[in-house]
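Chemist: Here you go, sequence then predicted model.
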2 protein chains.
Amino acid sequence: MKVAFIVFNDLTLLDFAGVYDTITRLKTMKFKNNLSWDICALTEMVRDKHGFKIIPDKVRNNLGKYDAVIIPGGMGTRSLQNDSEFIDWIKTAQNVQHKISVCTGSLILGAAGFLKGKKATTNHNEYESLKQYCSEVLKDRIVEDQDVITSGAVTSSIDLGLYLCEKWAGKEAKEKIREAIDYPL
Amino acid sequence: MKVAFIVFNDLTLLDFAGVYDTITRLKTMKFKNNLSWDICALTEMVRDKHGFKIIPDKVRNNLGKYDAVIIPGGMGTRSLQNDSEFIDWIKTAQNVQHKISVCTGSLILGAAGFLKGKKATTNHNEYESLKQYCSEVLKDRIVEDQDVITSGAVTSSIDLGLYLCEKWAGKEAKEKIREAIDYPL
């Protein structure tokens, strides 16, 4: 199973780190040995909204070869949802089995057309912005509808990560990882 | 107020991101306009334990000019606690007002001699390893003793961040930031 973590300028680092740190443990804690991942971007370097500098593993790569694509949120999504070059790149994930977002990452999934006719969620301040892209905005922390899983604001990224751990490797894996990161029940 | 976030090879990204994403909001949400920070390392590039590549703002800089130094945990701490070059660099923070760690970052504070005669905490699997460096290991999520604040495993980084928000900017700032990141009470 191959996962693409999407990064972009003005992302929220904790949106990324919550789900990244939990699901990569599926491999390091030996629950899912065939798991691999790349950090993917459209640019050679990315800065989060506070200036933190990230070097992606892959630049402008075809996302169609992954089994899951995960998009974090952040102020950057507000302009990127209208950036045709960025959205065209995201659209290469059209046939990816699991399209996943944290926080306002759902605006990017929406702009790529992946939320059409589906239920989804986003940051609690952006429910209105998401309406144009999906059939219904839910206020739940995690929403799964067919090939799309969306989650709420920032720290819901950890809950999303644990949700994916259970979905992909079972309850025991999820519980052991929850204990390892000492995340309250 | 100037904060140094220390990064190193084989750190745990969520240890870093929890406290980083919360306290940098003190500035972006305008609770503490004089807050600034640098990502500091001993090397030009750092990789977390899963390969994520970070470019620090400052390399091998004197840490003595900061008001707070924050050290995350991760597998890298196990060898770095015995790496005299790294620990000599950390010792430049000797007179820094707030010496702070997440998870096994406390082993680094300890190796630098900053925990002598003080109470501290660390990852729940490393209480024994920390004993050599401090007067008493507590099993609390956050422990403050004089100039040192230590926290527990991975996700305690978010609690630590919110604790620092309240300490440095008051209860309202902490509560607004907790709401913004949608972290459960």
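Modeler: Perfect, I can see it now. Numbering: from 1, shown residues only, chains lettered A, B, ... in the order given.
Chemist: Residue numbers of chain A in contact with chain B?
Modeler: A:12-14, A:16-18, A:20-22, A:24, A:28, A:37, A:39, A:45, A:49-57, A:123-124, A:152-156, A:158, A:180-184 (Cβ under 8 Å from any Cβ of the partner chain). Quick note: C-beta positions are derived from backbone N, CA and C, even for glycine.
Chemist: Mind doing that once more with 7 Å?
Modeler: A:12-14, A:17-18, A:20-21, A:24, A:39, A:50, A:52-55, A:124, A:152-156, A:158, A:181-183 (Cβ under 7 Å from any Cβ of the partner chain).
Chemist: Now do residue A:117: how many residues are near it, please.
Modeler: Other residues near residue A:117 come to 9 when the count uses other Cβ atoms under 10 Å in any protein chain shown.
Chemist: Which of the helices or strands spans it?
Modeler: Taking DSSP states H and E as the definition, one finds residue A:117 inside no helix or strand.
Chemist: Quick check: end-to-end length of stretch A:49-65?
Modeler: In stretch A:49-65, first residue to last residue: 29 Å (Cα to Cα, to the nearest Å).
Chemist: contacts for it?
Modeler: A:2, A:4, A:7, A:10-13, A:38-47, A:69, A:74-75, A:89, A:92-93, A:95-96, B:24, B:39, B:53-55 (Cβ atoms under 7 Å, 6 or more residues apart in numbering or on different chains).
Chemist: Drop anything exposed from the residues of chain A next to chain B.
Modeler: For these, a neighbour count by 16 or more other Cβ atoms under 10 Å in any protein chain shown gives the buried set as A:12-14, A:17-18, A:20-21, A:24, A:39, A:50, A:52, A:54-55, A:152-156, A:158, A:181-183.
Chemist: With only the CA atoms kept, save stretch A:18-31 in CSV.
Modeler: These are the backbone C-alpha positions of stretch A:18-31, laid out as CSV (Å, rounded to 0.1, in the frame of the first residue of the first chain):
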residue,chain,number,x,y,z
GLY,A,18,-1.2,14.0,13.2
VAL,A,19,-2.2,11.6,10.5
TYR,A,20,1.4,11.2,9.2
ASP,A,21,2.8,10.2,12.6
THR,A,22,0.1,7.7,13.4
ILE,A,23,-0.2,5.8,10.1
THR,A,24,3.6,5.6,9.4
ARG,A,25,3.7,3.7,12.8
LEU,A,26,1.7,0.9,11.0
LYS,A,27,5.0,0.2,9.4
THR,A,28,7.5,1.0,12.1
MET,A,29,5.5,-1.0,14.7
LYS,A,30,5.2,-3.8,12.1
PHE,A,31,1.4,-3.9,11.7
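Chemist: So for it, mean pLDDT?
Modeler: The average pLDDT for stretch A:18-31 rounds to 97.
Chemist: Tell me how far it lies from the chain's centre.
Modeler: The chain centroid and the centroid of stretch A:18-31 are separated by 14 Å under Cα atoms, centre = their mean, to the nearest Å.
Chemist: in it, what's buried?
Modeler: The neighbour-count check on stretch A:18-31 (16+ other Cβ under 10 Å) flags A:18, A:19, A:20, A:21, A:22, A:23, A:24, A:25, A:26, A:27, A:31 as buried.
Chemist: Surely the second one is in a helix?
Modeler: Yes. Using DSSP: H, G, I helix; E, B strand; the rest coil, the secondary structure at residue A:19 is a helix.
Chemist: Would you enumerate the residues in contact with it?
Modeler: Counted by Cβ under 7 Å, 6+ apart, residue A:19 has contacts A:70, A:102, A:157, A:160, A:161.
Chemist: Residue A:104 now?
Modeler: A:73, A:74, A:77, A:122, A:123, A:126.
Chemist: run the last query once more with 8 Å
Modeler: Counting by Cβ atoms under 8 Å, 6 or more residues apart in numbering or on different chains, residue A:104 touches A:73, A:74, A:77, A:78, A:122, A:123, A:126, A:129.
Chemist: sorry, back to before: show me which of the contacts of residue A:19 are buried.
Modeler: Buried among those by 16+ other Cβ under 10 Å: A:70, A:102, A:157, A:160, A:161.
Chemist: which residues touch stretch A:82-90?
Modeler: Against stretch A:82-90 from outside (Cβ under 8 Å, 6+ apart): A:6, A:8, A:42, A:60, A:63, A:69, A:71, A:80-81, A:108-109, A:111-112.
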